[in-house]
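Student: Could you work out the structure for the sequence below:
(one chain, ligands or ions: 1)
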Amino acid sequence: KDGVDTDDTANGIRVFDPAFLNTAAISSKITFIDGDKGFLMHRGYPIEQLAEKSDFLETAYLLIYGELPSKSQSEIWKFEVMHHTEIADDLAKVIGSMRYGLPPPPVPSAYDSHPMSVFISAFAAMGAFAPEANPALQGRNLYIQDKAIMNKNIIRIIGKSATVAAASMRVRMNRPFIAPRSDMSFAENMLYMMDATSDAENYKPDPRLAEALETLFILHADHEMNCSTATMTHVGSSLVDPYSAVAAAAAALYGPLHGGANEAVIRMIERIGTVDKVPAFLSAVKAKKELLFGFGHRVYRNTDPRSKIIRQVAETVFAACGHEPLIEVATALKDAALADPWFVEKKLYPNVDYWSGLIYRSLGFPLDFFPVLFAVPRVAGWLAHWKQAIEAPNPKIWRPRQIYVGEKVRDYVPVEERE
Ligand code: ACO
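Tutor: Modelled structure (predicted):
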């Protein structure tokens, strides 16, 4: 009717690929995954080597700039990031105001605001404090013409991510924020900001735990076009400032099918409770009444190489922090699923989140803080992809098409005439 063609494919063949199962939206030099072999590498370096030999900030540099830094580049990079960890007083006030729940005595979990909501909001608010980072105000080619401003904002975002994360935990504990320390490593400083008590000056995080967190950060730093990185790239393609794009990516990560799975795994294991309840739970999964959180992956159809490394980190942390009581149920659940043809046929294996939650629990982090521990290192991957997309020749705004299956054109009916 009226020449409107709801099946329009004027720009050529339209590929219908719900949930992007088979669609590549970019070409990338950052990360490669072989899902069948269970292989992951960043810029050509296998994840096993990076986890063993690198540290988080060096891996972040590699992801963002394409090469491992030279000794002097590494020193300058780490100095710069660790000297851009402070947050503005006004931002601290915004974070400090995000309290939900009754204010009981100042004990852990005094407030209920989910730390991921605080983290997301803090990055959105940071955009308001950084007009110089906004191409809408500074011009379309801001980041092409001015590499110094691009690098400055990359450094700021990585540096402040740990501080915002620590503040998101302190606010829910109703405790004052602790200023960052530039003389510590990235993970050490984060532990310090979250943990330090009245004797902050002399507080030194346990080096075994700082090293374990550093390794976890390397493992979480990037994973090509996952849901949150795709969000960062999609939102960034509109040329919004990178703080707003990070807020959007963090929101995508928050969901329990993505970065929120580490929290969901523990809630699931706690709900199962004892080893004898494992078979009933797996039956509920097979009947599609439950999800086995921490299992399955869009790309890995064999093993997730990160989960192997994480299992070793778990041993170190359990040795330092004491026996983790949920480990029996977690192990029984994993073993039963891996021996069950239903899961084998569907190629469902433990992913990175299956063990990371147990480690974070053992380290004493509150359950709802776990996704934040995923978000902080993933900021590096988001920025690497954002930079790559901004610098690509002829970048375009992301705008998928759809297959319209709604009504054909029809005439408006006044309300009195409707049945
Ligand atoms: N528990 C139960 N069934 C599952 C699970 C699971 N964890 N994962 C997949 N399946 C089933 C699906 O129901 C589907 O069954 P069907 O063939 O009968 O329809 C089949 O396996 C294929 O799975 P899909 O959902 O099509 O796989 P997809 O690639 O879309 O989803 C995802 C991947 C979201 C990770 C999924 O495996 C899942 O929900 N896992 C649990 C949540 C989780 O651990 N997320 C973390 C992922 S890793 C990360 O983000 C760091």
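
Student: Please name the nearest non-neighbouring residue to residue 184.
Tutor: Of all residues not flanking residue 184 in the chain, residue 192 sits nearest, at 6.0 Å (Cβ to Cβ, 6 or more residues apart in numbering). In short, each C-beta sits where N, CA and C put it, glycine included.

Student: tell me which element that neighbour falls in.
Tutor: Under the criterion of DSSP states H and E, residue 192 resides in helix 186-195.

Student: residues near the residue nearest to residue 184, how many?
Tutor: Neighbourhood size, residue 192 [other Cβ atoms under 10 Å]: 22.

Student: How about residue 415?
Tutor: Other residues close to residue 415 by other Cβ under 10 Å number 5.

Student: when you give positions from now on, start the count at 24
Tutor: Understood, numbering begins at 24; the last thing we discussed is residue 438.

Student: can you tell me how far the residue of the stretch 74-223 of the chain found nearest the ligand sits from residue 369?
Tutor: Residue nearest to the ligand within the stretch 74-223 of the chain (Cβ to the nearest ligand atom): residue 139, separated by 13.9 Å. Going from residue 139 to residue 369 by Cβ to Cβ, to the nearest Å gives 29 Å.

Student: With neighbour numbers in mind, choose between the two.
Tutor: Between residue 139 and residue 369, residue 139 has the larger neighbour count (other Cβ under 10 Å), namely 25 against 13.

Student: can you give me the helices in the stretch 324-442 of the chain?
Tutor: Assigned by DSSP state H, counting those that start in this stretch, the helices in the stretch 324-442 of the chain fall at 328-344, 350-361, 364-368, 375-385, 393-414.

Student: Could you dump the ones you listed into JSON lines and include mean neighbour count?
Tutor: JSON lines is the format used below for the helices of the stretch 324-442 of the chain (neighbours: other Cβ atoms under 10 Å):
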{"stretch": "helix 328-344", "mean neighbour count": "18"}
{"stretch": "helix 350-361", "mean neighbour count": "18"}
{"stretch": "helix 364-368", "mean neighbour count": "12"}
{"stretch": "helix 375-385", "mean neighbour count": "26"}
{"stretch": "helix 393-414", "mean neighbour count": "25"}
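
Student: mind checking which of the ones you listed is nearest residue 92?
Tutor: Of all the helices of the stretch 324-442 of the chain, helix 393-414 sits nearest to residue 92, with 13.4 Å by Cβ to Cβ.

Student: touching the ligand at all, that closest one?
Tutor: No - with Cβ under 6 Å from any ligand atom as the criterion, the ligand is not reached by helix 393-414; the gap is at least 7.1 Å.

Student: ok and that helix relative to helix 375-385, angle-wise?
Tutor: Angle, helix 393-414 to helix 375-385, by axes from the mean of the first three to the mean of the last three Cα atoms, to 10 degrees: 130 degrees.

Student: what angle sits between helix 393-414 and helix 209-218?
Tutor: 140 degrees.

Student: could you give the mean pLDDT of helix 393-414?
Tutor: The average pLDDT within helix 393-414 is 97.

Student: Equivalent analysis for stretch 340-347, please.
Tutor: Mean pLDDT, computed over stretch 340-347, is 86.

Student: for stretch 60-70, same thing?
Tutor: Mean per-residue pLDDT for stretch 60-70: 97.

Student: what's the answer for stretch 99-118, then?
Tutor: 97.

Student: Need the residues that contact that stretch.
Tutor: The contact list for stretch 99-118, computed with Cβ atoms under 8 Å, 6 or more residues apart in numbering, reads 80, 83-84, 92, 141, 144-145, 148-149, 152, 178-179, 181-183, 185-187, 190-191, 194, 200, 202-203, 205-207, 209, 212.

Student: What residues sit buried inside it?
Tutor: For stretch 99-118, the neighbour count (16 or more other Cβ atoms under 10 Å) marks 100, 101, 103, 104, 105, 107, 108, 110, 114, 115, 117, 118 as buried.

Student: does the residue of the stretch 74-223 of the chain closest to the ligand count as helix, strand or coil?
Tutor: Of the three states, residue 139 takes helix under DSSP: H, G, I helix; E, B strand; the rest coil.

Student: Is it correct that residue 294 falls within a strand?
Tutor: No - using three-state DSSP, the secondary structure at residue 294 is helix, not a strand.

Student: any idea how far it lies from the ligand?
Tutor: Look at residue 294 and the ligand: by Cβ to the nearest ligand atom, to the nearest Å, they are 14 Å apart.

Student: before we move on, what about residue 369?
Tutor: Taken as Cβ to the nearest ligand atom, the span from residue 369 to the ligand is 4 Å.

Student: Quickly note the distance from that residue to residue 324.
Tutor: 9 Å.

Student: same check, this time on residue 89
Tutor: Distance, residue 89 to residue 324, using Cβ to Cβ: 29 Å.

Student: now swap in residue 262 and tell me
Tutor: From residue 262 across to residue 324, the span is 36 Å (Cβ to Cβ).

Student: out of those two, which sits in the more crowded spot?
Tutor: The neighbour comparison of residue 262 against residue 324 (other Cβ under 10 Å) goes to residue 262, with 18 against 15.

Student: Quick check: closest non-adjacent residue to that one.
Tutor: Distances taken as Cβ to Cβ, 6+ apart place residue 158 nearest to residue 262, at 4.6 Å, with adjacent residues excluded.
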